[in-house]
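**Q** Let's see this in three dimensions:
(one chain, ligands or ions: 1)
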Amino acid sequence: CETRVKLNTGAELPAVGLGTWQSLENDAYKAVLTALKTGYRHIDGAAIYCNEGEVGKAIRDSGVPRNEIFVTTKLWGTQQRTPQLALEQSLERLGLDYVDLYLIHWPIPLNPAQCEESGNYLTFPGLPNGKRDVDLDTWNFVKTWELMQELPATGKCKAVGVSNFSINNIKELLSSPGNKLVPAVNQIELHPLLPQVELVNFCKEKGIVVEAYSPLGGTGAAILKEPLVEELAKKYNIPAANLVVSWDVQRGVVVLPKSVTESRIISNLQTLTLAPEDVEKITNLSKEKGEKRTCAPDFSPFNTFA
Ligand code: A2P
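**A** Numbering: from 1, shown residues only. Just a heads-up that it's a prediction; the model follows:
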């Protein structure tokens, strides 16, 4: 896919990137290396995916010049008070001098206290009652964003943005007194059963690029089995994943299909132009079938979309 999307910083990124959530160890290394050797120039990662070492090594081993690759990583909740340190730690693991995009992974700070002794901040600290140990009394994403805004000036990331932010979260961020910068990106769960029409339109109005994670429905790729998706894929004579990726690109959404399978990685980069009425049909699918959220759906501290 040759389509590129422009950020509000002026930088451009390829509309299709490789997702790396749940790609572990050698699988992550091989997936990123395969992707870069077969034409991908956009890799999406995160500190909490616990694979930055492998992802970075594949980037360095690929032989593709660093300035031709768009690399994203994300700030985990336990480190929202110290984004500059967290970014430096990510770069150390990646073995890179900078990332192209650094995102607040979730709008919810997690309590770092349990991590302090071990020094391992890449966990989901929990409470005895099974709830996440959130840290909203003394910290919030507005304060985190104030610190994030300063990072591009360090040269360690080229742009900053957010992930899993609702319309209300973004409104709160933009109207806060310390706000100087519009996030470049909001990365969210988005697929044919969660088309996020309102949030996509809102972000477009504000100049925020939307990126889709779990674009195939996450592990198991359930979206590819939807009868409408199968029917339209047959009509265009393409794999169902290509139909879904093409639908994102046509909506102006950057899309991050994850795979560790060589043939799928190669195939997922192919897009084609769909008839506008077919784009519309896919966008409307959830109106009949109901929306389906796969990531942190019922877990209240992470359910920030209500
Ligand atoms: P695998 O990594 O084993 O190849 P999402 O991007 O929505 O998170 O979806 C990821 C899931 O979809 C993974 O289970 C991945 O499997 C699978 N997947 C990725 N690409 C394809 C494809 N082209 N066809 C079928 N399944 C795919």
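**Q** Can you tell me which residues in the stretch 151-300 of the chain are near the ligand?
**A** Within the stretch 151-300 of the chain, the positions near the ligand by CB under 6 Å from any ligand atom are 214-221, 224, 239, 241, 257-261, 264, 267-268. All C-beta spots, glycine's among them, are computed from the backbone N, C-alpha and C.
**Q** Now, of the residues you listed, which are buried?
**A** Buried subset of those (neighbour count, 16 or more other CB atoms under 10 Å): 214-218, 221, 224, 239, 241, 257-260, 264, 267-268.
**Q** Those in helices, which ones?
**A** 241, 264, 267, 268 (DSSP state H).
**Q** and of the residues you listed, the nearest to residue 288?
**A** Nearest to residue 288 among these, counting by CB to CB, is residue 241 at 21.9 Å.
**Q** Just to check, that closest one is in contact with residue 229?
**A** No: applying CB atoms under 8 Å, one finds residue 241 not in contact with residue 229, separated by 9.3 Å.
**Q** Now do the helices in the stretch 51-200 of the chain.
**A** Per DSSP state H, counting those that start in this stretch, the stretch 51-200 of the chain carries helices over the ranges 52-61, 83-94, 113-116, 141-148, 167-174, 197-206.
**Q** Okay, the residue most central in space within the chain and residue 210: tell me how far apart.
**A** Centroid-nearest residue in the chain, with CA atoms, centre = their mean: residue 187, separated by 4.3 Å. Applying CB to CB, to the nearest Å, the value for residue 187 to residue 210 is 8 Å.
**Q** Ok, residue 125 next?
**A** 29 Å.
**Q** Please say which of these two ends up with more neighbours.
**A** Each of residue 125 and residue 210 has its neighbours counted (other CB atoms under 10 Å); residue 210 has more, 23 against 17.
**Q** Confirm the more buried one sits in a strand?
**A** Yes: under DSSP: H, G, I helix; E, B strand; the rest coil, residue 210 falls within a strand.
**Q** Next one, pLDDT for it please.
**A** For residue 210, the pLDDT comes out at 98.
**Q** I'd assumed residue 253 was in contact with it.
**A** Yes: counting by CB under 8 Å, residue 210 touches residue 253, with 5.0 Å between them.
**Q** shared neighbours of those two, which are they?
**A** Common contact partners of residue 210 and residue 253 (CB atoms under 8 Å, 6 or more residues apart in numbering): 190, 200.
**Q** For this structure, spot the helix or strand the model is least confident about on average.
**A** Every helix and strand in the chain was compared by mean pLDDT, DSSP states H and E; the lowest is helix 113-116, with a mean of 90.
**Q** how far away is residue 153 from the ligand?
**A** Distance, residue 153 to the ligand, by CB to the nearest ligand atom, to the nearest Å: 33 Å.
**Q** Now do that residue against residue 8, distance only.
**A** Applying CB to CB, the value for residue 153 to residue 8 is 16 Å.
**Q** what do you get for residue 202?
**A** Plainly put, residue 202 is 15 Å away from residue 8 if you go by CB to CB.
**Q** Residue 153 and residue 8 - which one has more neighbours?
**A** The neighbour comparison of residue 153 against residue 8 (other CB under 10 Å) goes to residue 8, with 16 against 8.
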